[in-house]
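S.K.: Compute the structure for the input listed below.
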Amino acid sequence: MKLTKNSIKSILSIPMTSRAAALSVAVLTALSLVALNVPSVSAQSVTDCTSNSIITCGAQSPSTFISKLRANSPADLQDIYSSFTLTPDKYADFASHAKMGTAYMDGRLVVNGQTVVRDSWSIGREPFSYSTENVINGQTYYQSNTTDVQKSDLPAMVYFNDEGKVQFAVLTACGNPMGGTRVPAGGSCDMLQKTAVSGSDNTYMFTSKATAANGSKVTKVVYDFGDGTSTVTQSNPATPVRHSYANAGTWTAKVTAYISNVGGADVPLTATACQTEVTVTPKPTPTPPTPAPVTPVSTPPTPPPAPVVTPVAAPLPATGPVGVAGVFGGASILGALGYHLRQRRRSQLVDSFVERLRGDK
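M.R.: Okay, the predicted model is just below:
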């Protein structure tokens, strides 16, 4: 006899009166397997083919699960899963987008390290001492807390809605659908701090702090300085961001922290603690430099204006008959004298020229 996950499930489905005997056989078999060093069954290959399974032997992948669900064998499959919100119109999307996770014995359902469900439970076809009835479309099924029914950590398929919240989960080993307390991606934006930069007017360094919960991570922080300039993104909230304000006024700076969400887009978080007001004063108008004193240059006194001399007009010659005759007579004497002098000069030049000619001979 080989001890497998199926045999353990079989033991769990046996009534309490017979379970002790079967369990003792299983323990002895387990001890012999340990002695023979038989390798354990991997989580992905675990199947449960007992009568408690909603789908006998389960389904190991989303596409296989949807294929069996479309076949609807047994005939209550689609009614069961529709009651858990997996309706036929979502089959194709489930096959393409469902994520693999792990259902832990402590009741947590974890996907990519993030807890998405707490206090989980599942339904099966067989009653246990700790089960409660769950009636679906007139058929009775049995709901059991994971901490009671599950004896090992098991793989599960998890389907998220458009908001990144868990909509449906199912165990791969048996096809048993799961419920529980859904846990959204969690965290908080805790602080936005500004520090004035010394020597730089209206310039500040900003840092922030954010906390992630439930296995989420802070993926980035986005700073909005409130003055209409572009936002600044940092992956680490503690990394300082420098910003200078160009315009006077009171501005509200804020930071938004983004938390990872395995089911969809990152979740933005902000708070009053992640906002701060910045008052920007106008820059003082520069005072023009005082000009150097100018030494005046001494200017010699302006001399008084020269006296205006009014010319005295010479008396005009008499214009009577005697005066006119005298004028013409004087002019005639002067003309004769000038002619005599020219003739005399010409005679002298001729005599001198003749003397030169004689001397040359």
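S.K.: gap between the residue nearest in space to the middle of the chain and residue 254?
M.R.: For the chain, the residue nearest the mean C-alpha position is residue 233 (4.1 Å; Cα atoms, centre = their mean). Distance of residue 233 to residue 254, computed by Cβ to Cβ, to the nearest Å: 14 Å. For the C-beta atoms, the positions are set from N, CA and C on the backbone; glycine is no exception.
S.K.: So for these two, which residues contact both of them?
M.R.: Shared contacts of residue 233 and residue 254, defined by Cβ atoms under 8 Å, 6 or more residues apart in numbering, comprise residue 223.
S.K.: In this structure the residue nearest to the centre of the chain contacts residue 222, no?
M.R.: Yes: at 5.1 Å, residue 233 counts as touching residue 222 under the criterion of Cβ atoms under 8 Å.
S.K.: that older thread, helices or strands next to the host helix or strand of the residue nearest to the centre of the chain in the packing?
M.R.: According to DSSP states H and E, residue 233 maps onto strand 232-234. Helices and strands touching strand 232-234, by 3 or more Cβ pairs under 8 Å, 6 or more residues apart in numbering; DSSP states H and E, are strand 218-224, strand 241-244.
S.K.: Domain map for this structure?
M.R.: Annotated domains of the chain cover 1-38, 42-182, 186-280 [automatic domain parsing].
S.K.: Now render those domains as a markdown table, adding mean pLDDT.
M.R.: Output for the domains of the chain, formatted as a markdown table (pLDDT from 0 to 100):
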| stretch | mean pLDDT |
| --- | --- |
| domain 1-38 | 42 |
| domain 42-182 | 95 |
| domain 186-280 | 95 |
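S.K.: CSV please, covering these and showing distance to residue 292.
M.R.: Formatted as CSV, the domains of the chain follow (distance: least, Cβ to Cβ, whole Å):
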stretch, distance to residue 292
domain 1-38, 99
domain 42-182, 73
domain 186-280, 30
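S.K.: just so I have it, where are all the helices in this structure?
M.R.: Assigned by DSSP state H, the chain shows helices spanning 5-13, 16-35, 62-71, 77-83, 91-97, 146-149, 321-360.
S.K.: what about residue 68, how many neighbours?
M.R.: Counted with other Cβ atoms under 10 Å, residues neighbouring residue 68 total 16.
S.K.: which ones are touching it?
M.R.: So residue 68 contacts 55, 59, 77, 175 (Cβ under 8 Å, 6+ apart).
S.K.: what about 10 Å?
M.R.: Neighbour list for residue 68: 55-59, 77, 175 [criterion: Cβ atoms under 10 Å, 6 or more residues apart in numbering].
S.K.: If any of these are buried, put those into a PyMOL selection.
M.R.: The buried subset of the contacts of residue 68, as determined by 16 or more other Cβ atoms under 10 Å, is captured in PyMOL by this line:
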select buried, resi 55+56+58+59+77+175
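S.K.: Which of the contacts of residue 68 fall in strands?
M.R.: The members of these all map outside strands under DSSP state E.
S.K.: now the contacts of residue 68 as CSV including distance to residue 130?
M.R.: Listed next are the contacts of residue 68 as CSV, based on distance: Cβ to Cβ, whole Å:
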residue, distance to residue 130
55, 22
56, 23
57, 24
58, 22
59, 26
77, 25
175, 21
